[in-house]
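Undergrad: Sequence below, structure please.
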Amino acid sequence: MSKTPTAVPVGAIPTPLYERMEAISTTKSWANWAGYISPLVLDTVEFEYFAIRNQSTLFDISPMHKYRISGPDALKVLNRLVTRDVAKLRDGRVGYALWCDEEGMVIDDGTIFRYTETDFLLCCQETMYSWLLDSAWGFEADIIDESHTIAGVSLQGPTTFSLLKEAGLGAVEDMKPFDLREVEPGLWVSRTGFTGDLGYELWTAWDDIAALWDRLWAAGGNWGLRAIGAEALNMVRIEAGFIAAGVDFQPVHTAMRLHRGRSPLELGFEKLVHFEKGHFNGRRALLQQREDGMKHHLVKIDIGGFKPADGSLIYHRKKKEVGHVTSGVWSPTMKQNIALAEFKAPYGKAIQDDLWVEIYVNEEGQWDKRIVPLTVVDKPFFQNARSRATPPKSF
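TA: Okay, here's the model as predicted:
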């Protein structure tokens, strides 16, 4: 028996791209993402934000949890797990999905990559391995945790297609949004992202991701390529109207208190709850909720003024507390004070008038309270045709 001591990492673990990001970071601002070191800001959040909207950006998505579901019953497993009908997802496509416990509360959301009817990859925020094993019980399917064998980068921004062509990856030209393709042996590209803009996610083996980063970085000089952190990404995902687990909703398996979970219907995803496909986790509870009515609504709002309202309380007629802002930011592109907000039903849906946000602003050590009006918005704040154009325009 060997007595050689084994080194055990203390604290967050570097991803295969940490050294490259650390070398260009001027802020040394890091966070823990799924046990890995992930950047909050590498340079300045302003430069990184505008790079997403005007140039090309790279973000390390290697810490995401990635689970392979394969075998004769792989499709049945996923259709039992998630609320949408995965059978409608074609081979070579990616779909957004949510999954619930038996009370209809969201456990997590993520993306399903469909290679074939018997081979899928699920990418998500929370640890799902044991839950997937439970969901696959009785089915002929294998669940493999590939979180530490597959790595990825998110390449986002209007010049990304031009950059990929220069890097020798022009085979993505005819890919439509949510398409998935193996462009080179072992290199998969999906036309997906968390920005609402033109962009791609590139997936390869854990040990090959650094070489891919170097390849993209070498081709990025003419296209304004910049590495970014999570703070800039958070700004653009709010502009696109995308929700974030642990921010806009609490994954029910991590909730410590009763009634802190939220259903897909309360989060605004009625279109992704396909009751007609047959049984799935939470179906009975969601059918009952649809009949009885929801207790909460998550909606997009436009807020008066320009002071970010993240975490602010919302009132009806300036008196009754009816909700709070879950994510808020001043949008430099839209020139709007935008947010996602949770309301107590029926506010935010049936009642949308005379709603006000209470914002506290610290000005040189003194707090100033402002009551400003809000408007409920139906569509994403940021929409640009380039995100859907196929082939993308060259810049």
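Undergrad: is it true that residue 231 lies in a strand?
TA: No: looking at residue 231 with DSSP: H, G, I helix; E, B strand; the rest coil, it is helix, so not inside a strand.
Undergrad: From residue 354, how far off is the closest residue to it other than its chain neighbours?
TA: Closest residue to residue 231 apart from its sequence neighbours, by C-beta to C-beta, 6 or more residues apart in numbering: residue 45 at 4.7 Å. Using the backbone N, CA and C atoms, a C-beta is placed for each residue, glycine as well. In this view, residue 45 and residue 354 are 34 Å apart by C-beta to C-beta, to the nearest Å.
Undergrad: Mind checking which of those two has more residues around it?
TA: Ranked by neighbour count (other C-beta atoms under 10 Å), residue 45 and residue 354 place residue 45 first, with 20 against 11.
Undergrad: which residues does the more buried one contact?
TA: Contacts for residue 45 (C-beta atoms under 8 Å, 6 or more residues apart in numbering) come out as 229, 231-232, 235.
Undergrad: And for residue 90?
TA: Here residue 90 is in contact with residue 114 (C-beta under 8 Å, 6+ apart).
Undergrad: what's the helix or strand for it?
TA: Using DSSP states H and E, residue 90 falls within no helix or strand.
Undergrad: Can you pull the domain assignment for the protein?
TA: Split into domains by automatic domain parsing, the chain comes to 18-64+148-239, 65-145, 295-379.
Undergrad: Ok, which of the ones you listed comes nearest residue 387?
TA: Closest of the domains of the chain to residue 387 is domain 18-64+148-239, at 5.3 Å (criterion: C-beta to C-beta).
Undergrad: Could I get the full set of helices for the chain?
TA: Here the chain has its helices, by DSSP state H, at 18-24, 45-54, 74-81, 129-135, 160-166, 209-219, 230-239, 283-292.
Undergrad: Could I get the buried residue list for stretch 183-202?
TA: For stretch 183-202, the neighbour count (16 or more other C-beta atoms under 10 Å) marks 183, 187-202 as buried.
Undergrad: for the record, mean pLDDT for that stretch?
TA: In this model, stretch 183-202 carries a mean pLDDT of 98.
Undergrad: Output that stretch in CSV, but only the C-alpha positions, please.
TA: Extracted C-alpha coordinates of stretch 183-202, given in CSV (Å, rounded to 0.1, in the frame of the first residue of the first chain):
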residue,chain,number,x,y,z
VAL,A,183,-17.3,21.0,-37.0
GLU,A,184,-14.0,19.1,-36.4
PRO,A,185,-13.4,15.7,-34.7
GLY,A,186,-14.1,16.2,-31.0
LEU,A,187,-15.1,19.9,-31.4
TRP,A,188,-18.8,20.6,-31.1
VAL,A,189,-20.4,24.0,-31.7
SER,A,190,-23.8,25.1,-30.7
ARG,A,191,-25.3,28.4,-31.8
THR,A,192,-26.4,29.2,-28.2
GLY,A,193,-25.6,31.7,-25.5
PHE,A,194,-26.8,33.8,-22.6
THR,A,195,-26.6,37.2,-24.2
GLY,A,196,-29.5,37.5,-26.6
ASP,A,197,-26.9,38.4,-29.3
LEU,A,198,-25.1,36.5,-32.1
GLY,A,199,-23.0,33.9,-30.4
TYR,A,200,-21.8,30.3,-30.2
GLU,A,201,-20.7,27.9,-27.5
LEU,A,202,-17.8,25.6,-28.3
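Undergrad: The residue nearest to residue 231 and residue 220: what is the separation?
TA: Plainly put, residue 45 is 20 Å away from residue 220 if you go by C-beta to C-beta.
Undergrad: again with residue 70
TA: Distance, residue 70 to residue 220, using C-beta to C-beta: 35 Å.
Undergrad: higher neighbour count, these two?
TA: Between residue 70 and residue 220, counting by other C-beta under 10 Å, residue 220 is the more crowded of the two (23 against 17).
Undergrad: so where's the stretch 251-395 of the chain uncertain?
TA: Across the stretch 251-395 of the chain, nothing is flagged by pLDDT under 70.
Undergrad: again, 90 this time
TA: Low-confidence segments of the stretch 251-395 of the chain, defined by pLDDT under 90: 256-259, 308, 362-363, 393-395.
Undergrad: I'd like the average pLDDT over stretch 26-44.
TA: 97.
Undergrad: Can you give me the buried ones in that stretch?
TA: In stretch 26-44, counting by 16+ other C-beta under 10 Å, buried: 30, 33-34, 36-43.
Undergrad: just stretch 83-94 next, same as before
TA: For stretch 83-94, the neighbour count (16+ other C-beta under 10 Å) marks 83-86, 89, 92-94 as buried.
Undergrad: okay, those in JSON lines with pLDDT and distance to residue 308 next?
TA: Compiled in JSON lines, the buried residues of stretch 83-94 are given as follows (pLDDT from 0 to 100; distance: C-beta to C-beta, whole Å):
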{"residue": "83", "pLDDT": "98", "distance to residue 308": "32"}
{"residue": "84", "pLDDT": "98", "distance to residue 308": "33"}
{"residue": "85", "pLDDT": "98", "distance to residue 308": "38"}
{"residue": "86", "pLDDT": "98", "distance to residue 308": "38"}
{"residue": "89", "pLDDT": "98", "distance to residue 308": "37"}
{"residue": "92", "pLDDT": "98", "distance to residue 308": "40"}
{"residue": "93", "pLDDT": "98", "distance to residue 308": "36"}
{"residue": "94", "pLDDT": "98", "distance to residue 308": "32"}
